[in-house]
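Participant: Predicted coordinates and the sequence they were generated for:
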Amino acid sequence: MEDKYIVDDQGFRRLKDTEYVLPICVGTVAWWLGKKANEYNSHRWTVYVRGPNNEDLSHVIQKVTFELHHTFPNPNRTIEQQPYEVTENGWGEFEIGVTLYFVPDAREKEVTLYHKLRLYEEDGSQSTKKPVVTETYDELIFSEPHEAFFTRVVNHVPTQAAGLMSHHQWVPRHDEAAELQRIRACRAKVAAMIADLRRDYDAVR
């Protein structure tokens, strides 16, 4: 029975050959200011972290820090409750660092992701009636999680986030089956690429 556990340096048990996966989305919603826009203030935008279907994430995520461009006042913004989002005005596109801190019983280090703020459509068009939305679906994988954490989160009943994000009506809807199919296709593509590399390596040995 003990073979299914790993004991860490602090004496806590981790579950061998076990994973817990938390789907999340990181994105931005940018509005052109139209007639109010000027050279240094052309858009109002929001960067956010959310569950794919706006689920409550607080059973795993304790807080989120958004690292904005250094020219913004107080560029590191920490949000400790949902909605996890920051809204600002500006004129330029840049990469935003998004650091996720986990609840204490996860006993895991923070994870930093990056998301590009996009203010313009690909064709350069702008509208005050529809924002530019860019969103990335990702999965946080807890490999060999601590036993107490895993037991708690697998018994967690999903609920909607208590605070509704500012632009909820504009963000994409995610179909779980379609996402799984996309992930499987990506994994198959990666496996095929690895197989090709191995064949090339064997050929030159």
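Facilitator: Now that the structure is in, tell me what you want to look at.

Participant: Show me where this protein has its strands.
Facilitator: Ranges of strands within the chain are 5-7, 13-15, 19-32, 43-50, 61-67, 76-79, 84-90, 95-102, 111-116, 132-143, based on DSSP state E.

Participant: Tell me where the model's unsure across this structure.
Facilitator: For the chain, applying pLDDT under 70 flags the ranges 1-2, 162-165, 175-180.

Participant: pull the longest helix from it.
Facilitator: helix 176-204 (DSSP state H).

Participant: Throw the strands of the chain into a markdown table and include mean neighbour count and distance to Pro158, thanks.
Facilitator: Using the backbone N, CA and C atoms, a C-beta is placed for each residue, glycine as well. Conversion of these to a markdown table gives the following (neighbours: other C-beta atoms under 10 Å; distance: least, C-beta to C-beta, whole Å):
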| stretch | mean neighbour count | distance to Pro158 |
| --- | --- | --- |
| strand 5-7 | 13 | 27 |
| strand 13-15 | 18 | 21 |
| strand 19-32 | 19 | 11 |
| strand 43-50 | 22 | 13 |
| strand 61-67 | 20 | 14 |
| strand 76-79 | 14 | 21 |
| strand 84-90 | 19 | 17 |
| strand 95-102 | 18 | 18 |
| strand 111-116 | 14 | 21 |
| strand 132-143 | 16 | 15 |
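
Participant: Any chance of a markdown table for these, columns distance to Asp123?
Facilitator: Below are the strands of the chain laid out as a markdown table (distance: least, C-beta to C-beta, whole Å):
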| stretch | distance to Asp123 |
| --- | --- |
| strand 5-7 | 52 |
| strand 13-15 | 49 |
| strand 19-32 | 14 |
| strand 43-50 | 17 |
| strand 61-67 | 28 |
| strand 76-79 | 31 |
| strand 84-90 | 21 |
| strand 95-102 | 22 |
| strand 111-116 | 17 |
| strand 132-143 | 11 |
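
Participant: Please identify which of those is closest to His168.
Facilitator: strand 43-50 (8.5 Å; C-beta to C-beta).

Participant: what angle do that closest one and strand 61-67 make?
Facilitator: Using axes from the mean of the first three to the mean of the last three C-alpha atoms, to 10 degrees, one finds that strand 43-50 and strand 61-67 are set 150 degrees apart in direction.

Participant: Mind giving me the packing neighbours of strand 43-50?
Facilitator: Where contact means 3 or more C-beta pairs under 8 Å, 6 or more residues apart in numbering; DSSP states H and E, strand 43-50 is packed against strand 19-32, strand 61-67, strand 84-90, strand 95-102.

Participant: Give me the sheet partners of it and which way each runs.
Facilitator: Listed by DSSP bridges, the sheet partners of strand 43-50 and their directions read strand 19-32 (antiparallel), strand 84-90 (antiparallel).
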